[in-house]
Every structure is written in C-alpha cells, then in structure tokens.
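Undergrad: using only what follows, build the 3D model:
(one chain, ligands or ions: 1)
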Amino acid sequence: MTLPSTIETERLILRPFTIKDAPHIINYASGQNFGRYLASVPHPYTQKDGEEFIARRILEDSDKSKTWAITVRPHDHPVGGFSLRFKNTDKSMAEMGWSIAEEHWGKGLTTEGAQAIINTAFTHLPQMHKLTAGADLRNIGSWRIMEKIGMQREALFRQHIYFRDEWVDDVWYGILRSDWENS
Ligand SMILES: CC(C)(COP(=O)(O)OP(=O)(O)OC[C@H]1O[C@@H](n2cnc3c(N)ncnc32)[C@H](O)[C@@H]1OP(=O)(O)O)[C@@H](O)C(=O)NCCC(=O)NCCS
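TA: As a prediction, this is how the structure comes out:
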C-alpha cells in the first residue's frame, strides 16, 4: 500500500505542492517569526529559496519522503506543509515535520493535520511501526502538537544544536503503532 497524495480533514485539504505554489510559500516563509526555530528556513527568505523548496518537494524520492501542502478550506493556496521522512527502506519508521503560516497559528490546524497524517500513515502502511518528531525545546507550540497527537517525550538533548549563535536544546517525541491502536 502507498500513502495517498491528498488527505482531507474537517478544515484542511492536504495535497501535493505544485510549482504555482511558490509565491505563497515565499510569502509565509518570509515572515519575521516563521523560521525562528528552523535551521532549514533562511532569513531573509528569497524567491530562489521558495522555488528550490518546491522543486525539491516535486522531485523528492517517494521511497525516502512524502510531503503535503496544507490548504485551509475553501481556499486552495498553501499555508504550510507536512512531511514524513522514512528512516529505513521498508518504511517501518518515519520522522514527521510540520509548519504553518503565522496568520494561522493557534487555531489547532496543525494539530488537526498532524493527527490525520498519523492516522493515514498507520492505516495505509501496515508495516509502519513508529513515528517520531523533534523540535527546538523553545518551540513550545510544536512539541505541544506532539503531545496532543499522542506522542510521548522520549529524549531531551541538552544544548545539542548550534543555531544562530547559541546552543539550543532538542526535544524528541515518538508514537508506536500500539500507542495509536490503544488511543
Ligand atoms: C509550531 C507551529 C507548527 C504550531 O502550529 P499551530 O497550528 O499554531 O499549533 P496548534 O494551534 O495546533 O496548537 C498546538 C498547541 O500548542 C499550543 N501553542 C501553539 N503555539 C504556542 C506557543 N507559542 N506557546 C505556547 N503554546 C503554544 C496551542 O495552544 C496548542 O495547545 P492547547 O490546545 O493545549 O492550547 C507553528 O507555530 C509553526 O508552523 N511555526 C513555524 C514553523 C515551525 O516552527 N515548525 C515546527 C518545527 S519543529
């Protein structure tokens, strides 16, 4: 079985990124606070950064990762994204990632989408055993999502990443298939 390209929730439609999405990505990724805890988001964020992001998402090897753009009904433009990066070739473990534009923070939308990604991964990939996610400890909104979708804190690496001139703590969460089945 494979993962679906489109996932629908009450308020969201998660779909593949397309090249037409570039202006929207550049718009939200350029926000002052968007990349505060993300080494992967340059600041300032240029048109080239946005186009390269899309190109990577379109060309990515589906055996290694899967990405969905977040759209909020009834609109079709992306306001963020979800990713799954497989840790092994049999797709029995994957790392989740997420981001959403600042104008949508605090509405529970990322939690809603992340729960749908977990349900989809465990339902569509019978071999999927465990999903993990990590964040800068200061990024409370991100690790609160991990807790709200049933992940357990497994590790706190102190001063583990050198990011923007300081050592920052790195927190990791995980959910096993058995946790998900019993939730
Ligand atoms: C981190 C991020 C994904 C949170 O998304 P969001 O849609 O605002 O999160 P939700 O609305 O689903 O909220 C999840 C929980 O975190 C809490 N939360 C969100 N932001 C918070 C903050 N800055 N401080 C404290 N709690 C916060 C919410 O209140 C909610 O908990 P609650 O229901 O118990 O109140 C979003 O801020 C973002 O995309 N930031 C930029 C990119 C990024 O950092 N991605 C994560 C990388 S690990």
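Undergrad: OK, contacts around the nearest residue to Ala94 once chain neighbours are set aside?
TA: Nearest-residue entry for Ala94: Leu84, 4.5 Å, with adjacent residues in sequence omitted and distances by CB to CB, 6 or more residues apart in numbering. C-betas here are computed from N, CA, C, even on glycine. Residues in contact with Leu84 (CB atoms under 8 Å, 6 or more residues apart in numbering) are 3, 65-67, 94-97, 117, 121, 131.
Undergrad: again, only using 10 Å
TA: Taking CB atoms under 10 Å, 6 or more residues apart in numbering as the definition of contact, the neighbours of Leu84 are 3, 64-68, 91, 94-97, 117-118, 120-121, 125, 128, 131.
Undergrad: mind giving me the ChimeraX command for buried ones among the residues you listed?
TA: Selecting the buried subset of the contacts of Leu84 in ChimeraX, with 16 or more other CB atoms under 10 Å as the burial test, is done by:
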select :3,65,66,67,68,91,94,95,96,97,117,118,120,121,125,128,131
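Undergrad: sorry, back to before: the residue nearest to Ala94: which element?
TA: In this structure, Leu84 sits in strand 80-86 according to DSSP states H and E.
Undergrad: export that strand as PDB, just CAs?
TA: Output of strand 80-86 as PDB, limited to C-alpha atoms (Å, rounded to 0.1, in the frame of the first residue of the first chain):
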ATOM      1  CA  GLY A  80       2.200  25.400   5.300                       C
ATOM      2  CA  GLY A  81       3.200  21.800   4.900                       C
ATOM      3  CA  PHE A  82       3.700  18.400   6.500                       C
ATOM      4  CA  SER A  83       6.400  15.900   5.700                       C
ATOM      5  CA  LEU A  84       7.200  12.300   6.500                       C
ATOM      6  CA  ARG A  85      10.900  11.200   6.100                       C
ATOM      7  CA  PHE A  86      11.300   7.500   6.200                       C
END
